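Peer 1: my questions are about this predicted structure, shown below with the sequence.
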Number of protein chains: 2
Amino acid sequence: MEEEVFEIRDAWIKIREYIAAGDGTGIVAWMDTLPSGEIGRILSRLSEDELTTVMQLIGPEEGAELLNQIPEAQAVDILEDLPSEAAAAIVDELDSDEQADLLGELDKDDAEAILSELDPEDASDIRRLIEYDWSTAGGVMVTEYVYFRETATTSQVLERLRANKEVYADYEVQYIYIVSRDGLLKGVLKLRDLLLSRDQQRVGDLMRTDILKVKTDAPLSELREIFEEYNYIGIPVVDESDKLVGVVRRAAVEEAVGEMATEDFLKMSGLNGEEELRTMPVFLRSRRRLSWLAVSMALNVVSASVIAVYEHILQDVIVLAMVLPIIANMSGASGNQAIAVSLRELTLGLIKPFEVMRVLLQEVWVGLINGLILGLVLGLILGFWKGNPYLGLVVGAAMLFNSILSVCVGGAIPMLLKWVKLDPALASGPLLTTVSDACGFFMTLAFASLMLPHIL
Amino acid sequence: MEEEVFEIRDAWIKIREYIAAGDGTGIVAWMDTLPSGEIGRILSRLSEDELTTVMQLIGPEEGAELLNQIPEAQAVDILEDLPSEAAAAIVDELDSDEQADLLGELDKDDAEAILSELDPEDASDIRRLIEYDWSTAGGVMVTEYVYFRETATTSQVLERLRANKEVYADYEVQYIYIVSRDGLLKGVLKLRDLLLSRDQQRVGDLMRTDILKVKTDAPLSELREIFEEYNYIGIPVVDESDKLVGVVRRAAVEEAVGEMATEDFLKMSGLNGEEELRTMPVFLRSRRRLSWLAVSMALNVVSASVIAVYEHILQDVIVLAMVLPIIANMSGASGNQAIAVSLRELTLGLIKPFEVMRVLLQEVWVGLINGLILGLVLGLILGFWKGNPYLGLVVGAAMLFNSILSVCVGGAIPMLLKWVKLDPALASGPLLTTVSDACGFFMTLAFASLMLPHIL
């Protein structure tokens, strides 16, 4: 471990030396010696100024490589800080979907400044791509693909592929798309079929016509299902008139789905789905986290106010003050398990939002069994400790009923939220905690007030 | 929505009719009309017996297709229930990595029964694959790939590809691997290069020799980094003696990484990382969830016992019973945000476990700012409500200090756990909750006892 600490420190000193010396080729040569994971880690620690300087020293091609290795939020900051010509030169080296992703995140003015430096045709392509929702086929597709007219022959295709070897080297050529004179998608020619064909065949005769294609507004979930079912590397994207406008690559869909999962994870952890890096300014990080904590605070005050109502019971049976957080926390934990199962079954498509009753029936039994066991344990502990079986009964019953309630609520909440088109990952946790706290406090104190003569 | 409810019900009735009629081809024809996502949803609702019958009716090839569309836990159950010849026929149709995955999950005896029905050579391949850890290159690789000796000519290669069109159609042939007489990996021939080559060239002259390869024990994280950096569809896997033993496909790595992320999500939600489907028996589901709840219960009793120690203070200032859960919950929420950021930065490789001090320095400020704000709000509410500024001071101070503590603990716990090789996703949450509850209770009650004369 010690060694590693020194390595990172050395790497920093080194890169700062290169920066001070203005030695761009030195930086590139040195980075080539590092494992790829390390580069991102070292770069993400540099200040924005230092990173901007590095970008200008190493030139656009290497700069584009490097942008791919750091988190998106940081990449956006760098593009904003660079002079627009320098930023445009780097953007020019990126794939079209990455261009659209990054420019879409920039301020409107910054994005326009960069776009105006680019080749007008490229710029209009990017503008069009930015317009698409990032969670649709249009938003994740690339516009780099190889296409031919139906009337071309295999020899013509091979000739052009050979002549344009360099250009196509950057594309992921596995399929060649065949279009009509008007650009309508007619078929796909697999590289393998081209390889096994004879010369001078018309590609229109050789192509496969039973092809899968998607419209620009196809949602990510559909794309993911297609790529799960079929082993394709890319699918053609067409507009409303069936004109070929792009290609969605498997990797791009998987990346986008991964981003959605990350977002869900961040939301469930109370981070509002926004990416936080510890290199961001403290106040920005505080503010982002606080926006969610404020909601949580309000909900907590609501549920705790139940305690205020029953203050007199607590005063009489003070041991309940110790029991309240246990019951609330344990029910909350049980309910969270149910939330996790529902969220996952929703994601896998195994349940639909309107099947709430089915889920409730499946959860109520688990809640009953686990509530019985937890209630028995807690009831016995309290009963023996205070030598009062009635106290044990109150606590055990509250634990049992609140477990059942929380497990059912936890199973149902994500589905109901999804049904009314709210985000289950963001809101399920706080809602459940509020319900299981408030009801846990209420049941414990209400049961106690019923049994008051016996537990005093 | 109503329509959809009926659709699913119709689908069930339909599939049960086919089962009753023993009509396998009917099932296949009907399933072909369904969107692919639906098939999994409908099938996952059938009982194990029904599914087993369906499998036997539709034959091994369709059965293998179907196994790919249902969750792994269910697929394993089906293979266990089927007669071993029937199960073996289905397994024979799967890709080698899926064979190893499923058989590896079966009971030893069931797996052996199926293996003994398979072609001995295939069986020994599968046995070898099962031995590899699923989170290494050996565990995710397939053994279906196309290879040639260095001395073959391009015409020979093309001829054999044409002759074996059907066999290779199932492979994902994008690269042809070139090996020496002893099976040592010498190079890779890209399909594109083969396409653009002239006849009668030696593949040994045409192949690329600066190739990327991994050892069988290369971990998933390394594979993911490679696929992130390079646009390859597959990477060759070699054993210690550099002999080619398999190919890792991009899709397999992405699937395995996705499984790890899902596991982390389940662990954080208190499900022990085990996949739960609501179609599983209630007692199994209860038991799995309870194993984690039991730990949580013990930790909760520990933290709540702090309250027992200070019972006399609570008795005197009963409003604190309402404040305790708020402070504990709010600090817990703040700490969870820090856990999420640490987990994500660890996954992205932006921080290493030993950099705890660095993270603490970055968290303490966020904790201070948000603790100040939350403490101020809570303190003001209590102070004005009870008309006692000292009470507000006690509550605000407890909120402030416990926020700072929880945020620091939350940021550090995942790293410390990872450092000592424990699983951060599983243990971070419960540990944090225990610390933030216990310390929250302690600080509030201890501060109150110091100020007791003023807040009575």
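Peer 2: In hand now; what should we look at? Owing to the predicted nature of the structure, the values given are computational and were not obtained by experimental measurement.
Peer 1: quick check, residue A:244 in a strand?
Peer 2: Yes. Assessed with DSSP: H, G, I helix; E, B strand; the rest coil, residue A:244 lies in a strand.
Peer 1: just the strands in the stretch 101-250 of chain A please.
Peer 2: Taking DSSP state E, counting those that start in this stretch as the criterion, the stretch 101-250 of chain A carries its strands at A:147-149, A:175-179, A:185-190, A:214-215, A:234-238, A:244-249.
Peer 1: want to throw these into JSON lines with mean pLDDT?
Peer 2: Listed next are these as JSON lines, based on pLDDT from 0 to 100:
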{"stretch": "strand A:147-149", "mean pLDDT": "90"}
{"stretch": "strand A:175-179", "mean pLDDT": "89"}
{"stretch": "strand A:185-190", "mean pLDDT": "89"}
{"stretch": "strand A:214-215", "mean pLDDT": "93"}
{"stretch": "strand A:234-238", "mean pLDDT": "91"}
{"stretch": "strand A:244-249", "mean pLDDT": "90"}
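Peer 1: need those in TSV (columns: distance to residue B:217).
Peer 2: (Each C-beta comes from the backbone N, C-alpha and C, glycine too.) Below are the strands of the stretch 101-250 of chain A laid out as TSV (distance: least, Cβ to Cβ, whole Å):
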stretch	distance to residue B:217
strand A:147-149	43
strand A:175-179	35
strand A:185-190	35
strand A:214-215	39
strand A:234-238	32
strand A:244-249	30
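Peer 1: can you list the ones you listed in JSON lines and add distance to chain B?
Peer 2: As requested, the strands of the stretch 101-250 of chain A are arranged in JSON lines below (distance: least, Cβ to the nearest Cβ, whole Å):
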{"stretch": "strand A:147-149", "distance to chain B": "15"}
{"stretch": "strand A:175-179", "distance to chain B": "11"}
{"stretch": "strand A:185-190", "distance to chain B": "10"}
{"stretch": "strand A:214-215", "distance to chain B": "13"}
{"stretch": "strand A:234-238", "distance to chain B": "11"}
{"stretch": "strand A:244-249", "distance to chain B": "9"}
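Peer 1: can you lay out these as CSV showing mean neighbour count?
Peer 2: Shown next, in CSV, are the strands of the stretch 101-250 of chain A (neighbours: other Cβ atoms under 10 Å in any protein chain shown):
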stretch, mean neighbour count
strand A:147-149, 18
strand A:175-179, 22
strand A:185-190, 20
strand A:214-215, 18
strand A:234-238, 23
strand A:244-249, 25
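Peer 1: count of residues packed around residue A:212?
Peer 2: Using other Cβ atoms under 10 Å in any protein chain shown, residue A:212 has 11 other residues around it.
Peer 1: and for residue A:385?
Peer 2: Residue A:385, neighbours per other Cβ under 10 Å, totals 12.
Peer 1: how confident was the prediction at it?
Peer 2: Here the pLDDT value assigned to residue A:385 is 92.
Peer 1: ok, it to residue A:375 distance?
Peer 2: 16 Å (Cβ to Cβ, to the nearest Å).
Peer 1: same question for residue A:135.
Peer 2: 44 Å.
Peer 1: which of these two has more neighbours?
Peer 2: Between residue A:135 and residue A:375, counted using other Cβ under 10 Å, the more crowded position is residue A:375 (24 against 16).
Peer 1: give the contact list for residue A:241.
Peer 2: residue A:184 (Cβ atoms under 8 Å, 6 or more residues apart in numbering or on different chains).
Peer 1: dihedrals phi and psi, it?
Peer 2: Recorded main-chain torsions at residue A:241 are phi -90, psi 10, according to degrees, to the nearest 10.
Peer 1: before we move on, what about residue A:197?
Peer 2: Dihedral angles for residue A:197 - degrees, to the nearest 10 - are phi -90, psi 170.
Peer 1: swap in residue A:386?
Peer 2: phi -90, psi 0.
Peer 1: which residue sits closest to it, ignoring its sequence neighbours?
Peer 2: Distances taken as Cβ to Cβ, 6 or more residues apart in numbering or on different chains place residue A:319 nearest to residue A:386, at 6.1 Å, with adjacent residues excluded.
Peer 1: what sits against the one you found?
Peer 2: A:382, A:386, A:391, B:308, B:311.
Peer 1: also residue A:370?
Peer 2: A:334, A:403, A:407, B:286, B:289, B:290, B:293.
Peer 1: what is the distance between stretch A:71-89 and the centre of its chain?
Peer 2: In terms of Cα atoms, centre = their mean, to the nearest Å, the centre of stretch A:71-89 is found 22 Å from the chain centre.
Peer 1: what's the span of that stretch, first residue to last?
Peer 2: Stretch A:71-89 has an end-to-end distance of 20 Å (criterion: Cα to Cα, to the nearest Å).
Peer 1: pLDDT of it, averaged?
Peer 2: Mean pLDDT, computed over stretch A:71-89, is 86.
Peer 1: which residue ranges of the stretch 151-300 of chain A form helices?
Peer 2: A:154-163, A:165-169, A:191-195, A:203-206, A:220-229, A:250-268, A:282-309 (DSSP state H, counting those that start in this stretch).
Peer 1: before we move on, what about the stretch 301-450 of chain A?
Peer 2: Under DSSP H, counting those that start in this stretch, the stretch 301-450 of chain A gives helices at A:311-316, A:320-348, A:356-385, A:389-419, A:424-450.
Peer 1: residue B:243: which of those is closest?
Peer 2: helix A:320-348 (38.8 Å; Cβ to Cβ).
Peer 1: tell me the residues of the stretch 351-456 of chain A that contact chain B?
Peer 2: Counting by Cβ under 8 Å from any Cβ of the partner chain, the stretch 351-456 of chain A comes close to chain B at A:351-352, A:354, A:359, A:362-363, A:365-366, A:369-370, A:373-374, A:377-378, A:381, A:419, A:433, A:437, A:441.
Peer 1: hmm, 10 Å instead?
Peer 2: A:351-355, A:358-359, A:361-374, A:377-378, A:381, A:385, A:399, A:403, A:407, A:410-411, A:419, A:429-430, A:433-434, A:437, A:440-441 (Cβ under 10 Å from any Cβ of the partner chain).
Peer 1: are any of those residues buried, and which?
Peer 2: A:351-355, A:359, A:362-374, A:377-378, A:381, A:399, A:403, A:407, A:410-411, A:419, A:429-430, A:433-434, A:437, A:440-441 (16 or more other Cβ atoms under 10 Å in any protein chain shown).
Peer 1: look up the closest residue to the residue of the stretch 301-450 of chain A found nearest chain B, ignoring the ones flanking it.
Peer 2: In the stretch 301-450 of chain A, the residue that lies nearest chain B is residue A:340 (3.2 Å; Cβ to the nearest Cβ). In this structure, residue A:340 finds its nearest non-sequential neighbour in residue B:269, 3.2 Å apart by Cβ to Cβ, 6+ apart.
Peer 1: wait, that neighbour touches residue A:264, no?
Peer 2: No. The pair residue B:269 / residue A:264 is not scored as a contact, 11.6 Å apart, by Cβ atoms under 10 Å.
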